[in-house]
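> I need the structure of the sequence given here:
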Amino acid sequence: MIPTPAPFPASRPRRLRRTLWIRDLVAETRLTPEDLIWPVFIREGEGEREPIPSLPGVVRHSIDSALEAINEAANFGIPCVSLFPYTEPSDKNAEATEAWNPDNLVCRATRAIKHHIPDIGVMVDVALDPYSSDGHDGIVRDGVIANDESLMALERMSLVLAESGADILGPSDMMDGRIGVIRRALERNDFQDVTIMSYAAKYASSFYGPFRDAVGASGALKGDKKTYQLDPANGDEAMREVAADLAEGADMIMVKPGMPYLDICTRVKTSFGVPTFAYQVSGEYAMIQAAANNGWIDGDRAALESLIAFKRAGCDGILTYFAPKIAEMIAREPL
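Model prediction:
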């Protein structure tokens, strides 16, 4: 409980805002490069940096280009990257079999990063949508997402990703029971040190559109994802999902999207006391960039402010496309 301050003029809150040094001295929230995970889109090819129109400033990297960019990000203190593939339509099918191909794009990229930049963490997404001709996170049977059959596919996918050297698995599929299935598979196959960051509170959001463009899933998606992702109206349901995933073996929790769900971030951290992350998703990023590109806001300051909000809400870290820019800004002028 915050005590009532002394009445004016004994209390003058502006005394603590008078100069930059005193504002820094009493700042309650700190943002550092170590708080950031950088999502990186990868594609086939060599020397490729393909712009993504709906994500201004974000590109799809070929593996060699990604290595250069990730090495630079590591030099600014970013501790971890998260990989997302652009899958060619010819590699997609209804069974999403490319997801557990040990030589798929993500597995090859993971091996390359761990070989050339071994000290940076590699997080990988566990969901079928980049590989599914239906664009869904699970396997579709007669228009319905087949939960238990999808679990078998996600288990196989998780094992090839762990074998490739992934440090963190990020199951974002929202199938019931998937954390337990993945954790048991990792333990059985001597991958007990692989960490699971569960997208336990992933909402059926309108803010994912540019991401689906980036991974080539927009045109493939049939219907919506409301039968497995959370209803934006529900908060208690998210708490139940988090509790279930922790009980099944998750090490860390993800809330997605970020800014519209700061209340969920706070509730997760307060209720469970576990490492809690938010994903500042593609739509959030694109809105800030679009407004900045039109001269309506200061993009750098808005990006920084948005990330501080996540930390203030209780997040231990943030996945954000702004990571390299913000890390470079902090390197020039620490917060």
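
> And stretch 101-117, what's buried?
Under the neighbour-count criterion of 16 or more other CB atoms under 10 Å, stretch 101-117 has 101, 104-114, 117 buried. Backbone N, C-alpha and C define where each C-beta goes, glycine included.

> Of those, which belong to strands?
Per DSSP state E, strands hold no members of those.

> Closest one to W21 out of those residues, please.
Relative to W21, the closest of these is I117; by CB to CB it sits at 36.6 Å.

> Tell me if I'm right that Y86 and I42 touch.
Yes. If you go by CB atoms under 8 Å, Y86 and I42 touch, sitting 7.0 Å apart.

> what sits in contact with each of these two?
Among the neighbours of Y86, those also in contact with I42 (CB atoms under 8 Å, 6 or more residues apart in numbering) are R60, L105.

> Looking at those two, which one has more neighbours?
I42 (24 against 19; other CB atoms under 10 Å).

> Backbone dihedrals for the more buried one, please?
Main-chain dihedrals, I42, degrees, to the nearest 10: phi -120, psi 150.

> Beta-bridge partners for it, please?
Beta-bridge partners of I42, counted by DSSP bridges, are H61, P85.

> what residues are up against it?
By CB under 8 Å, 6+ apart, the contact set of I42 is R60, H61, S62, I63, A66, L83, F84, P85, Y86, L105, V106, A109.

> Tell me how far the third one lies from G45.
So the one you mean is S62. In this view, S62 and G45 are 4 Å apart by CB to CB, to the nearest Å.

> Tell me which of these two has more neighbours.
S62 (19 against 14).

> Which strands or helices does the lengthiest helix in the chain pack on?
Counting by DSSP state H, the longest helix found in the chain is helix 147-164. Helix 147-164 sits against helix 105-116, strand 121-126, strand 168-171, helix 178-188, with contacts defined as 3 or more CB pairs under 8 Å, 6 or more residues apart in numbering; DSSP states H and E.

> Who are the packing partners of the first one?
Contacting helix 105-116 under the criterion 3+ CB pairs under 8 Å, 6+ apart are the following elements: strand 36-42, helix 63-75, strand 80-85, strand 121-126, helix 147-164.

> Could you rerun that using 6 Å?
Helices and strands touching helix 105-116, by 3 or more CB pairs under 6 Å, 6 or more residues apart in numbering; DSSP states H and E, are helix 63-75, strand 80-85, strand 121-126, helix 147-164.

> for the second one, same thing?
Taking 3+ CB pairs under 6 Å, 6+ apart as the contact definition, the neighbouring helices and strands of strand 121-126 are strand 80-85, helix 105-116, helix 147-164, strand 168-171.

> Tell me the strands beside whichever helix or strand comes after it, with direction?
Next helix or strand after strand 121-126 toward the C-terminus (DSSP states H and E): strand 140-141. Using DSSP bridges, the strands paired with strand 140-141 are strand 144-145 (antiparallel).

> Low-confidence regions, this protein specifically.
The chain contains residues with pLDDT under 70 at 334-335.

> change it to 90
1-5, 9-10, 12, 21, 24, 88, 135, 209, 211-224, 330-335 (pLDDT under 90).

> Any idea how many residues pack against W21?
Neighbours of W21 (other CB under 10 Å): 7.

> so which of the helices and strands packed on helix 105-116 gets nearest G314?
strand 80-85 (19.2 Å).

> by contact count, what packs against that closest one?
Of the remaining helices and strands, those touching strand 80-85 by 3+ CB pairs under 6 Å, 6+ apart are strand 36-42, helix 105-116, strand 121-126.

> what element comes up after the first one heading to the C-terminus?
Sequence order places strand 49-51 as the next helix or strand after strand 36-42, per DSSP H and E.

> Sort out which residues of that following strand are buried, please.
For strand 49-51, burial by neighbour count (16+ other CB under 10 Å) applies to no residue.

> Can you list the helices and strands that it packs against?
Applying 3+ CB pairs under 6 Å, 6+ apart, we find strand 49-51 packed against strand 59-61.

> rewinding a little: looking at the helices and strands packed on helix 147-164, spot the one closest to D148.
The stretch from the helices and strands packed on helix 147-164 with the least distance to D148 (CB to CB) is helix 178-188; that distance is 9.3 Å.

> Residues touching the closest one, excluding its own?
For helix 178-188, contacts defined as CB atoms under 6 Å, 6 or more residues apart in numbering pick out L151, L154, E155, S158, L159, P171, V194, S198, D245, E248, G249, A250.

> repeat that for 10 Å
Applying CB atoms under 10 Å, 6 or more residues apart in numbering, the external contacts of helix 178-188 come out as 126-127, 137-138, 147-148, 150-152, 154-159, 161-162, 169, 171-172, 175, 191-196, 198, 200, 241, 244-251.
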